[in-house]
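A.B. asks: Provided below are the primary sequence and the corresponding predicted coordinates.
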Amino acid sequence: MSKIFISVLLLSTVLVGAQRPGAVFLLIWPGARATALSGAYAAIAEDATACYYNQAGLAFIEKTTITLQHANWLPGLHPDMYYEYAGITKSFKMGTVGLNVIYLTHGKTSVYNESAIYIGEYRTFDLAVGIHYGFKLNPKLGLGAGWKFIYSYLVPDWVFQRMPELGIEKGGTGVTYAFDIGLLFKPFTFLTVGGGLQNLGPNISYTESGSSDPLPYTLRMGARLTPINLQAIRVDLTAEITKVLVGMFAQEENTFFENLQYELNEAWKAVGLEASYYNFIKLAVGYFYDTEGKRQGFTFGGGIKAGGFSIDIGVDQAIYDFPTTNRKFSLSYQF
């Protein structure tokens, strides 16, 4: 995003109204393990990333867990973008509480006026801070909910002050909040199903004009099957469908069933396979398919767990249709 005209930035990311969701950083998968499984993690949610994927998973976490993740995000687009995640969970008699922070910086943005004269630079970022809670309704069923504060910093006020031709006196930052709800059901020792609704909250607005973007309201549904669960080897299969609910059934000329077919085709699909050896070494592979976003391909990764510590790497660069690297590194501790 360096050397970009601020007017183009406004047109593409601020003044788009309600045609596309805002705060799309909320759709980026946190956690290296989940990334290796193509984001199919709502039916697993057994570490501090449960605060993101499915708060109902917190109900089954009985130890204190900490998860930290770092990624140089899509350096093929810009080398200065970073995506960070931090989460912690604490179990109590009445359930488990989780806190998490998501931070994405798009890097430094160089500002040029309409005459292509450089007038300065700044760093954009998005931030979400959440508090979450999960509890068991019975030994097999967990429920969860979360609340998050969302702050998006796209354009500082000094840009508008130095570029009066934009016709905007101030703006460029958006603030809102959202709720998540989740469910996790374990009917058998070899099967778990889970999902939830995410990012339910007021629109986010960046300018005084009143134009705003809806949050990326999301429905997530997943299942986890464990066909092999021996002392030495465990194999998990996971699958998930994710549907961004903004703008559904927008094609008025289509029939209900034609729109329904389109929405089903447009939903994100992910499958993953994870194998572990003595719960010490884990290897994972996934496949992700997103028709609308033109993202399709394999993800992979692995990790080592010892003494309460887990170190993982997840790679999803193959799903993008442009050359890039994209690797997430996670460190978790459970005690």
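C.D. replies: On my side now, so go ahead.
A.B. asks: ok, now which ones touch Tyr41?
C.D. replies: Contacts for Tyr41 were tallied using CB atoms under 8 Å, 6 or more residues apart in numbering; they are Trp29, Gly31, Arg33, Ala34, Thr49, Tyr53, Asn54, Gly222, Thr238, Glu240. To be clear about C-beta, it is placed using only N, CA and C from the backbone, and glycine gets the same treatment.
A.B. asks: would JSON lines of the residues you listed with distance to Asp180 and secondary structure be doable?
C.D. replies: Conversion of these to JSON lines gives the following (distance: CB to CB, whole Å; DSSP: H, G, I helix; E, B strand; the rest coil):
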{"residue": "Trp29", "distance to Asp180": "15", "secondary structure": "coil"}
{"residue": "Gly31", "distance to Asp180": "16", "secondary structure": "coil"}
{"residue": "Arg33", "distance to Asp180": "20", "secondary structure": "helix"}
{"residue": "Ala34", "distance to Asp180": "16", "secondary structure": "helix"}
{"residue": "Thr49", "distance to Asp180": "13", "secondary structure": "coil"}
{"residue": "Tyr53", "distance to Asp180": "10", "secondary structure": "helix"}
{"residue": "Asn54", "distance to Asp180": "9", "secondary structure": "coil"}
{"residue": "Gly222", "distance to Asp180": "15", "secondary structure": "strand"}
{"residue": "Thr238", "distance to Asp180": "20", "secondary structure": "strand"}
{"residue": "Glu240", "distance to Asp180": "16", "secondary structure": "strand"}
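A.B. asks: Same list (those residues) but as a markdown table, adding distance to Pro21 and neighbour count.
C.D. replies: Rendered in a markdown table, the data for those read as follows (distance: CB to CB, whole Å; neighbours: other CB atoms under 10 Å):
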| residue | distance to Pro21 | neighbour count |
| --- | --- | --- |
| Trp29 | 16 | 28 |
| Gly31 | 22 | 26 |
| Arg33 | 26 | 28 |
| Ala34 | 21 | 32 |
| Thr49 | 21 | 29 |
| Tyr53 | 19 | 30 |
| Asn54 | 20 | 32 |
| Gly222 | 21 | 27 |
| Thr238 | 25 | 26 |
| Glu240 | 19 | 28 |
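A.B. asks: which one of the residues you listed is nearest Thr173?
C.D. replies: Each of the contacts of Tyr41 was scored against Thr173 by CB to CB, and Trp29 proved nearest at 25.3 Å.
A.B. asks: Test my guess that the closest one contacts Thr35.
C.D. replies: Yes: contact status for Trp29 versus Thr35: in contact at 5.1 Å, counting by CB atoms under 8 Å.
A.B. asks: So for those two, which residues contact both of them?
C.D. replies: Asp316, Lys328.
A.B. asks: Which secondary structure state does the closest residue to Arg234 other than its chain neighbours sit in?
C.D. replies: Leaving aside its sequence neighbours, Arg234 sits nearest to Ser276 (CB to CB, 6 or more residues apart in numbering; 4.8 Å). At Ser276, secondary structure determined by DSSP: H, G, I helix; E, B strand; the rest coil is strand.
A.B. asks: what pairs with Ser276 across the strands?
C.D. replies: Listed by DSSP bridges, the beta-bridge partners for Ser276 are Arg234, Lys282.
A.B. asks: that older thread, can you tell me which of the contacts of Tyr41 is nearest Gly76?
C.D. replies: Of all the contacts of Tyr41, Gly76 sits closest to Trp29, with 17.4 Å by CB to CB.
A.B. asks: Spatially nearest residue to the closest one, not counting backbone neighbours?
C.D. replies: According to CB to CB, 6+ apart, the nearest residue to Trp29 is Gly39 (4.3 Å).
A.B. asks: wouldn't that neighbour be in contact with Gly31 here?
C.D. replies: No: when contacts are counted by CB under 8 Å, Gly39 is not listed as touching Gly31 (9.2 Å).
A.B. asks: From what I see, Val246 and Pro216 are in contact.
C.D. replies: Yes: with contact defined as CB under 8 Å, Val246 counts as touching Pro216 (6.2 Å).
A.B. asks: Quick check: neighbours shared by these two?
C.D. replies: In terms of CB under 8 Å, 6+ apart, Val246 and Pro216 are both contacted by the residues Pro21.
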